[in-house]
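**Q** sequence and predicted structure, then a few things I'm wondering about:
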Amino acid sequence: MLNYLSIIRGAVQAIAYEEYLKEIIELAKQVITPSTRTDYPPSLSTMGRRALYDNLDRDEVLALEVDREVLLNKEHGWIGNHFKEKKVRIALRKVLNDESLITAILEIVKLQDEYQ
């Protein structure tokens, strides 16, 4: 009887683990191809805007304000240029009031092709 319970317990754990792996696979697919998500507002039509939205507590208005400030203030070759990056940082202070958040968002923005 004890062996039978051990076999059942093992089977239940295997099923739970299999379900866990399926969830991990789905999450990984979303990371690899985030554009397959369908819960973005229509105004977030670019990968950069979606990255901002995802990292600004899903605040659509704030994501669009950050997007606007970056686009208006970035200059050609701004990434890696201390003075040009500082200009974008100062612009972000208009809409974000937390320096650590500004630093994090600036790093996210640098990784998005549309802000290059």
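**A** Sure thing, it's come through.
**Q** which residue ranges of this structure form helices?
**A** Ranges of helices within the chain are 2-32, 47-55, 60-73, 82-92, 99-110, based on DSSP state H.
**Q** show me what contacts residue 56?
**A** 62-63, 66, 105 (CB atoms under 8 Å, 6 or more residues apart in numbering). Placement of C-beta: from N, CA and C, glycine included.
**Q** and the closest residue to residue 77 other than its chain neighbours, how far is that from residue 91?
**A** Closest residue to residue 77 apart from its sequence neighbours, by CB to CB, 6 or more residues apart in numbering: residue 84 at 6.9 Å. Separation of residue 84 from residue 91 (CB to CB, to the nearest Å): 11 Å.
**Q** who has more neighbours, the two?
**A** residue 91 (19 against 16; other CB atoms under 10 Å).
**Q** just for this structure, where's the confidence low?
**A** Low-confidence segments of the chain (pLDDT under 70): 1-8, 10-12, 20-21, 24, 26-37.
**Q** try 90
**A** By pLDDT under 90, the low-scoring segments of the chain are 1-39.
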